[in-house]
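Enquirer: Generate coordinates for the sequence data below:
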Amino acid sequence: MSATDFSSLPLTSELLQTLNDLQYSAMTPIQAQSLPAVLNGQDVIAQAKTGSGKTAAFALGILAKLDVKRFRVQSLVLCPTRELAEQVAEEIRRLGRSQHNIKVLTLCGGVPSRFQTLSLEHGAHILVGTPGRVLDHLQQERIDFSELSMLVLDEADRMLDMGFQDDLKAIISATPESRQTLLFSATYPPQIEKLAGSLMQEPLRVTVESEVQHSNIKQQFYKLEGTPREQAAMLLLQQFQPESCVLFCNTKRETHELYQTLKANGFSVLALHGDLEQKDRDQTLVQFNNKSARIMVATDVAARGLDITALDMVINVQMAHDSDTHTHRIGRTGRAGESGLALTLVSHQDDYKLSLLQDEISEDIHLLPLPDHAVLQQPPAKALMVTLQIQGGKKHKLRPGDIVGALTRNDQIPFDKVGKIQLQSMWSYVAVERSLGGKALQILNNDKLKGRSFRARSL
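Expert: Numbering: from 1, shown residues only. Take a look at the predicted model:
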C-alpha cells in the first residue's frame, strides 16, 4: 500500500468508497502531508496554491470527525468570497454523500439573510461562509459555537488582504479554545504568521512548492513596443483562438475599459470585478463556465477562489504587482494534469516586476514580438453555447432531469446539444448549443416543468 493511498488513512469505509466512486485515485502532495496530522487532531498550517487539492484535505478532516447524531455546529470554514464558500460547501457535500443527514449551510453576503436565519433555526453540522456574514449572524446570537471542534481558515492571506482581520478575531474569540484549527494560505506573509501564532497550538507547517503544480503550464512573454494593451490582447486572442480564456487587469477601471473594447470589436466577452452586483457576478460565472462566452476579463480579487474549470489560457494584460499573484493567476489554467498556456504583456515600465519574476522562474524569460496585425482581419469566434435562465429553482423542486426532459422530449433537441445545468434557490440555468438557443427558449416558455409554467429568457 502506497503512502499516497487514501486507504492508508484512518477513514471510514464509507468515506473511502466515496473517494473511490469520485475517482480520487491518490492523495495530492498537500493531502499526503497534511491529512495524517489533521485526522490526528493536530493544528495545521498548509501553504499551497489553488488547485492543489487543499479543499479535500480539510473536508475529509471535517467529515471524519463529524458526529451526525449531534445536531450542533461542529465545524466552521471561513472563506474570502461567496464563490469560494459555495465551492467548498459543494465539495464537502460531495465527499460526505455516504453519511446520511449531514447539513452543510453556507452563510455569505449578497443574498438575503432571512433565509439563512431560518436555516440556522433548524440547525446545521457544518457552516461555510464569509467573515462578514458569519459575524453578523453571530452578533445577532443566531449561531452557537459552544460545540465547535474544528475551525478552518481557507485562503487566509486573501481574507487579510480584503480587510477581514477584525472580523476574524471577533469570530475566533467566540469559538472554544479546545478546537482544532486549520489554516490554508497560498502565501505566508508576516501577518499570516502573526495570526497563526495567536490562534494555533504547536501547528504542523506544510508547504507545497508551486513549481511542481505549474510544470504543465507554458509561459510566454510579449513585448508591447508601443502597441496599446487592448490591441495587443486582441492580437493574442485572435492568434491563439482559445475556447476559454481569462484576461487579468489590475484595476476595476482597466477591466471595464478592456471589456468594452473587446465587446465593441465583436469578441465573446464577459467582465468580473468588484462593482458588479452579486446576481450579475453569478450570471457571469454561469455563462463562462458553461461555454456561453469565450473570454472573461477580471481583477485579481474578483477571480480569487473561483471554480473555473477547463481554462485553456490566461493573459496578463497588466503584469501582477507581485510574483505570488502572478503564480496564482497562471494557476487558473493547466489544472488536473491538463496543459495550459499563460501569456503576459510587458512594457518598459514593467522592467522591475519582470526582474522580480525572473528570480522566481527557473527558465530564462525571453520577450517575444506580438502576432502580425493581419490576424485581426478575421472575425472573432463565437461561443459554442448560449445560456437560458429559468425563473424557477430548488425552492420550486426543479431538478436537472426536469429541464433536460422538457428540451429533449420527442427529439425536439438532441441530448448532446444540451450543456451544463445549474440550479440555484430561485433560478435555473441551462446551456444549449448556440444554433438551438431560440428553439430551446420557445420550448421552455411554452412547455411545463413539474406541471407548472415558468418564464425563461436568454442571457
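
Enquirer: quick check, Ala64 in a helix?
Expert: Yes: using DSSP: H, G, I helix; E, B strand; the rest coil, the assignment for Ala64 is a helix.

Enquirer: what's the domain layout of the chain?
Expert: 6-208, 212-377, 385-458 (automatic domain parsing).

Enquirer: And the shortest one, end to end?
Expert: Taking Cα to Cα, to the nearest Å, the span from the opening residue of domain 385-458 to its closing residue is 11 Å.

Enquirer: go on, the first one?
Expert: End-to-end distance for domain 6-208: 19 Å, by Cα to Cα.

Enquirer: can I assume Arg179 is in contact with Leu151?
Expert: Yes: between Arg179 and Leu151 there is a contact at 5.2 Å, judged by Cβ atoms under 8 Å. Using the backbone N, CA and C atoms, a C-beta is placed for each residue, glycine as well.

Enquirer: With neighbour numbers in mind, choose between these two.
Expert: The residue with more neighbours, out of Arg179 and Leu151, is Leu151; 22 against 19, by other Cβ atoms under 10 Å.

Enquirer: in what helix or strand does that one lie?
Expert: Using DSSP states H and E, Leu151 falls within strand 150-154.

Enquirer: So what's the gap between that strand and the chain middle?
Expert: On the basis of Cα atoms, centre = their mean, to the nearest Å, strand 150-154 sits 17 Å off its chain's mean C-alpha point.

Enquirer: The most far-flung residue of the chain relative to its centre: what secondary structure?
Expert: In the chain, counting by Cα atoms, centre = their mean, Asn410 sits farthest out from the average C-alpha position, at 37.1 Å. Per three-state DSSP, the secondary structure class of Asn410 is helix.

Enquirer: separation between it and Asp280?
Expert: 36 Å (Cβ to Cβ, to the nearest Å).

Enquirer: repeat for Glu363
Expert: From Glu363 across to Asp280, the span is 39 Å (Cβ to Cβ).

Enquirer: Please apply the same query to Tyr352.
Expert: Distance, Tyr352 to Asp280, by Cβ to Cβ: 36 Å.

Enquirer: Please apply the same query to Val418.
Expert: Val418 is 25 Å from Asp280, where distance means Cβ to Cβ.

Enquirer: Next secondary structure element downstream of the worst-scoring helix or strand of the chain on mean pLDDT?
Expert: In the chain, no helix or strand scores lower on mean pLDDT, DSSP states H and E than helix 210-213, which sits at a mean of 44. Once helix 210-213 ends, the next helix or strand along the chain (criterion: DSSP H and E) is strand 217-223.

Enquirer: List the first helix or strand encountered after that next one toward the C-terminus.
Expert: Using DSSP H and E, the next helix or strand after strand 217-223 towards the C-terminus is helix 229-240.

Enquirer: Mean confidence (pLDDT) on that following helix, please.
Expert: If you average the pLDDT over helix 229-240, you get 96.

Enquirer: coming back round to it: which of the domains of the chain has the lowest mean pLDDT?
Expert: Looking at the domains of the chain, the bottom one is domain 212-377 with a mean of 87.

Enquirer: Just give me how far that one sits from the chain centre.
Expert: Distance of domain 212-377 from the chain centroid (Cα atoms, centre = their mean) equals 16 Å.

Enquirer: Would you state the strands of the stretch 51-200 of the chain in chain order?
Expert: Secondary structure of the stretch 51-200 of the chain (DSSP state E, counting those that start in this stretch): strands located at 75-78, 104-107, 126-129, 150-154, 180-185.

Enquirer: can you list these in JSON lines and add distance to Thr344?
Expert: Formatted as JSON lines, these follow (distance: least, Cβ to Cβ, whole Å):
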{"stretch": "strand 75-78", "distance to Thr344": "32"}
{"stretch": "strand 104-107", "distance to Thr344": "35"}
{"stretch": "strand 126-129", "distance to Thr344": "34"}
{"stretch": "strand 150-154", "distance to Thr344": "28"}
{"stretch": "strand 180-185", "distance to Thr344": "24"}
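
Enquirer: closest one to Ala293 among these?
Expert: strand 104-107 (25.6 Å; Cβ to Cβ).

Enquirer: Run me through the strand neighbours of that closest one, direction for each.
Expert: When pairs are called by DSSP bridges, strand 104-107 turns out to pair with strand 126-129 (parallel).

Enquirer: What are the buried residues along the strand it pairs with?
Expert: Across strand 126-129, burial judged by 16 or more other Cβ atoms under 10 Å covers Ile126, Leu127, Val128, Gly129.

Enquirer: Now for the third one: which residues touch it?
Expert: This means Val128. Residues near Val128 by Cβ atoms under 8 Å, 6 or more residues apart in numbering: Leu76, Val77, Cys79, Ala85, Glu86, Val88, Ala89, Ile92, Val104, Leu105, Thr106, Leu107.

Enquirer: I'd like the distance from it to Arg93, if you could.
Expert: Separation of Val128 from Arg93 (Cβ to Cβ): 10 Å.

Enquirer: what about stretch 75-88, start to end distance?
Expert: 13 Å.

Enquirer: Confirm that Val430 sits in a helix.
Expert: No: counting by three-state DSSP, Val430 is located in no helix; its state is strand.

Enquirer: which residues does it bridge with?
Expert: Bridge pairing for Val430 (DSSP bridges) gives the partners Leu388, Ile421.

Enquirer: Go ahead and confirm it touches Leu423.
Expert: No: contact criterion Cβ under 8 Å: Val430 and Leu423 do not qualify, at 9.7 Å.

Enquirer: When these two are compared, which one has more neighbours?
Expert: Val430 (26 against 20).

Enquirer: Can you give me the separation between that one and Ser292?
Expert: In terms of Cβ to Cβ, Val430 sits 10 Å off from Ser292.

Enquirer: likewise Tyr429?
Expert: 9 Å.

Enquirer: Can you check which residues contact both of the two?
Expert: Joint contacts of Tyr429 and Ser292 (Cβ under 8 Å, 6+ apart) are Val286, Thr387, Leu459.

Enquirer: how close does Asp322 sit to Asp300?
Expert: Asp322 sits 10 Å away from Asp300, going by Cβ to Cβ.

Enquirer: how about stretch 10-28: buried residues?
Expert: Buried residues in stretch 10-28 (16+ other Cβ under 10 Å): Leu11, Leu15, Leu16, Thr18, Leu19, Tyr24, Met27, Thr28.

Enquirer: residues contacting the fourth one?
Expert: Which is Thr18. Arg94, Leu95, Gly96, Arg97, Ser98.

Enquirer: thinking again about what came up before, of Asp322 and Asp300, give the one with the bigger neighbour count.
Expert: Higher neighbour count among Asp322 and Asp300: Asp300, with 18 against 14, using other Cβ under 10 Å.

Enquirer: residue contacts, the more buried one?
Expert: Shown in contact with Asp300 (Cβ under 8 Å, 6+ apart): Phe248, Asn250, Ala320, Thr325, His328, Arg329.

Enquirer: Among those, which ones are in helices?
Expert: Judged by DSSP state H, helices contain the following of the contacts of Asp300: Thr325, His328, Arg329.
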